[in-house]
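In: Output the structure for:
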Amino acid sequence: MLCASFFMTGCDATQILTAIENIAKGITAAMPAIQQAVGAFQNVVNNDGTAVATGTAAVAQPEVAAQNQANVNVTNPNQEEIAGQNNTTAAPAANNTATPAAVATNTQTEAALANYQGGKLSPAEFGKLFGPVAREASKKSGVPASIIMAQAALETGWGSSAIGNAKNLFGIKGTGPAGSITVPTKEVINGRTVTVQGTFRKYNSWQESIDDHSRLLTTAARYSTAMANRNNPDQFARELLKAGYATDPQYANKLISIMKSNNFYQYNN
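Out: So this is what the prediction gives:
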């Protein structure tokens, strides 16, 4: 049509060719700008018409499950009989590779513990209830699961007494997350067993008691030697006694006896 227009105006062939060459040159000169405009448009709109980031090409990132982080109240190692000071600390990032079956098992274990109303259990029942919980606690803290179970069994008389409604599984003194309770308790002083009034920590749940016990053993300097023997539960028990966890001179032997007679070692990681 361009050529026909020229012929109609009476232009000769030379003028037509010259005009075409000039137009071609103009198109060639404009091509970089046209290409840049097209590229910019493609950066703004992708093939399916949805917006994408401009500038550096956006690369789709695989969806990553949020790492579980828990806040803990850290016990002051210099005031071991006082509850945690609400210092918030991020727990080590969990490796989220648990299978659905493992997650379901943990959920069932937590539910069973939460539904426990207290009361004496047989060693078999005690192991079934607290074994999986102690194993999970041990994975996080390094405190042997068999120690956690043996101390809880010894301190509570297999669940028969958790210091009233304190849910205190380990006889830890001081003020806990739910306050404190003062009750008579037997202590060995100067080789004699005497009854004194003791103030013990109260907890909102059994799990809270277990977590506080792990926190105490892993943060208090006096228990560092025990933690250094985390792979030897029997020696761990002896070091607990040396560190003054209990005044009963037979405390370590009792823990070891409980671990051996009930094979609580099977719950160690």
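In: Would you check that Gly131 makes contact with Ala145?
Out: Yes: Gly131 is within contact range of Ala145, at 7.2 Å (criterion: CB atoms under 8 Å). From N, CA and C alone the C-beta is placed, and that goes for glycine too.
In: between these two, what contacts are shared?
Out: Contact criterion CB atoms under 8 Å, 6 or more residues apart in numbering; residues shared by Gly131 and Ala145: Phe264, Tyr267.
In: So for the two, which sits in the more crowded spot?
Out: The neighbour comparison of Gly131 against Ala145 (other CB atoms under 10 Å) goes to Ala145, with 26 against 19.
In: Low-confidence stretches in the protein?
Out: The chain contains residues with pLDDT under 70 at 1-17, 19, 24, 26-105.
In: Could you break it into its assigned domains?
Out: Domains of the chain are assigned by automatic domain parsing as 2-44, 71-267.
In: As a check, name the ranges of all helices in the chain.
Out: Along the chain, counting by DSSP state H, helices occupy 2-8, 13-44, 100-115, 123-141, 145-156, 206-219, 224-228, 233-242, 251-261.
In: can you list the residues that contact the fifth one?
Out: Right, helix 145-156. 123, 126-127, 130-131, 134-135, 137-138, 159, 162, 168-171, 210, 213-214, 233, 236-237, 240, 251, 254-256, 258-259, 262, 264-265, 267-269.
In: from the residues you listed, which would you call buried?
Out: Burial by neighbour count, judged by 16 or more other CB atoms under 10 Å, picks out 126-127, 130-131, 134-135, 137-138, 159, 162, 168-171, 210, 213-214, 233, 236-237, 240, 251, 254-256, 258-259, 262, 264, 267-268 from the contacts of helix 145-156.
In: and Pro249, how far is that from Arg192?
Out: 12 Å (CB to CB, to the nearest Å).
In: If you count surrounding residues, which of the two has more?
Out: Pro249 (10 against 7).
In: Now do the contacts for that one.
Out: Neighbour list for Pro249: Val188, Leu241 [criterion: CB under 8 Å, 6+ apart].
In: repeat for the one 10 residues further on
Out: In this structure, Met259 makes contact with Ser146, Ile147, Met149, Ala150, Pro233, Asp234, Ala237, Tyr265, judged by CB under 8 Å, 6+ apart.
In: now with 7 Å?
Out: With contact taken as CB atoms under 7 Å, 6 or more residues apart in numbering, Met259 is in contact with Ser146, Ala150, Pro233, Tyr265.
In: what two of those residues have the greatest distance between them?
Out: Within the contacts of Met259, Ala150 and Tyr265 form the most distant pair, 9.9 Å apart (CB to CB).
In: circling back: redo the contacts of Met259 as JSON lines? Include distance to Trp206.
Out: Shown next, in JSON lines, are the contacts of Met259 (distance: CB to CB, whole Å):
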{"residue": "Ser146", "distance to Trp206": "18"}
{"residue": "Ala150", "distance to Trp206": "16"}
{"residue": "Pro233", "distance to Trp206": "21"}
{"residue": "Tyr265", "distance to Trp206": "22"}
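In: Which of the residues you listed sits closest to Pro184?
Out: Closest to Pro184 out of these is Ala150 (23.9 Å), distances taken as CB to CB.
In: And the nearest residue to Ile258 once chain neighbours are set aside, how close does it get to Val183?
Out: Nearest non-adjacent residue to Ile258, counting by CB to CB, 6 or more residues apart in numbering: Ala150, 4.3 Å away. Ala150 is 22 Å from Val183, where distance means CB to CB.
In: The two: which has the busier surroundings?
Out: Counted by other CB under 10 Å, Ala150 and Val183 do not tie: Ala150 has more neighbours, with 26 against 12.
In: number of nearby residues for the closest residue to Ser214 other than its chain neighbours?
Out: Among residues not flanking Ser214 along the chain, Ser141 sits closest, at 3.7 Å (CB to CB, 6+ apart). Counted with other CB under 10 Å, residues neighbouring Ser141 total 21.
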